[in-house]
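>>> Can you look at this prediction? I've put the sequence above it.
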Amino acid sequence: MHLLVLGLGYSAARIAARARAAGFAVTAVRSRPGPGVLTLDDPALPGVIASASHILSSVPPAPEGHDPVLVAHGPAIAAAPARWVGYLSSTGVYGDAGGAWVDESAARNGRRDGRMAADAAWEALHPEVRVFRLPGIYGPGRSALDRLRAGPVARIDKPGHVFSRIHVDDIARAVLASMGGGPPGIYNIADDLPAPGEAVTAAAARLQGLEVPPLVPLDAAGLSPMGRAFYGECRRVANGRMKRLLGLSLLYPDYHAGLAACLEEMDR
């Protein structure tokens, strides 16, 4: 089995490591070349696309809105004989749901046209495509624990605002599970407990024996336009399809379990 990973970022690197442990040969593609690493314009890449049994892209849309992988190799991936194709997308494609639950049947109504276009293009690209829609991603080196250790963190006070999240190891487990079974289609990969960001920050502070930062009103937080836009959306992401069709039981069903595991790894 041969997995081609296009874009070796935080989540994809974890997926690649788990795939290697499961016996896959892995070829990685990044923006910068390196030992055993290709770039999107490498002349060897079309041959890898044509021979890989599994193809995964984690490359986000460019600032101009286009998907670099689809621009460079979309037709080749569409024609590839791979028995599994995956794309890491975002639950941001759902847009604001007013705090309601959204599942994979919900319409694309996000604020980023490039992300919605890429999500739709990958879904239609190949008969074996799995589109994994991811919410807020956290894990070792990238959690509220790390942010608190790096300096002061504002806890934004916006009553009723919640969002979903997922531990990076559960992303990797879900993607590998889909390689072993489960039909093509769209999968929300999220944990069981959507929650306010300020609650997660408070929990992370208590775990480390730190003082819980005070709540700050949204208008007084000095957020960037992107940060304010985040608080303009509120949704709970349903994960039932993932559990039913992939047979996945989450290692970290909520942020309490996930943060505790992150802290244990940090303190080793």
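On my side now, so go ahead.

>>> Could you list the single helix or strand in the chain with the lowest mean pLDDT?
Least confident element among the helices and strands of the chain, by mean pLDDT, DSSP states H and E: helix 225-230 (a mean of 82).

>>> Identify all contacting residues around it.
Here helix 225-230 makes contact (CB atoms under 8 Å, 6 or more residues apart in numbering) with 111, 218, 221. No exception for glycine: its C-beta is placed from N, CA and C like everyone else's.

>>> again, only using 6 Å
Residues outside helix 225-230 that contact it (CB atoms under 6 Å, 6 or more residues apart in numbering): none.

>>> And for stretch 252-268?
So stretch 252-268 is in contact with 140, 143, 145, 167, 170, 191-193, 200, 204, 207, going by CB under 6 Å, 6+ apart.

>>> Among these, which lie within helices?
Counting by DSSP state H, the contacts of stretch 252-268 place 145, 170, 200, 204, 207 in helices.

>>> can you give me the helices in this protein?
Under DSSP H, the chain gives helices at 10-21, 45-51, 68-79, 113-125, 144-150, 168-180, 197-207, 225-230, 240-246, 255-266.

>>> Show the contacting residues for the residue nearest the centre of the chain.
Centroid check for the chain by CA atoms, centre = their mean gives L134 as the closest residue, at 3.9 Å. With contact set as CB under 6 Å, 6+ apart, L134 has these partners: 90, 189.

>>> how near is it to T27?
23 Å (CB to CB, to the nearest Å).

>>> Quick one: residues in contact with stretch 160-178.
11, 14-15, 18, 130, 135-139, 189-191, 194-196, 234, 237, 242, 246, 248, 250-252, 258.

>>> Check the offset of it from the chain's centre.
Distance, stretch centre to chain centre, for stretch 160-178: 7 Å (CA atoms, centre = their mean, to the nearest Å).

>>> can you pull the buried residues of it?
161, 163-178 (16 or more other CB atoms under 10 Å).

>>> follow-up on the earlier one: save the ones in helices among the contacts of stretch 252-268 as JSON lines, and put in distance to P68 too.
What follows is the ones in helices among the contacts of stretch 252-268, written out as JSON lines (distance: CB to CB, whole Å):
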{"residue": "L145", "distance to P68": "32"}
{"residue": "D170", "distance to P68": "27"}
{"residue": "V200", "distance to P68": "32"}
{"residue": "A204", "distance to P68": "34"}
{"residue": "L207", "distance to P68": "39"}
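
>>> Are any of those buried, and if so which?
By 16+ other CB under 10 Å, the ones in helices among the contacts of stretch 252-268 give 145, 170, 200, 204, 207 as buried.

>>> State the pair within those that is farthest apart.
The largest separation in these, counting by CB to CB, is between D170 and L207 at 19.0 Å.

>>> picking that back up, can you lay out the buried ones among the ones in helices among the contacts of stretch 252-268 as JSON lines showing pLDDT and distance to W101?
Shown next, in JSON lines, are those (pLDDT from 0 to 100; distance: CB to CB, whole Å):
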{"residue": "L145", "pLDDT": "96", "distance to W101": "28"}
{"residue": "D170", "pLDDT": "98", "distance to W101": "19"}
{"residue": "V200", "pLDDT": "97", "distance to W101": "19"}
{"residue": "A204", "pLDDT": "97", "distance to W101": "25"}
{"residue": "L207", "pLDDT": "96", "distance to W101": "28"}
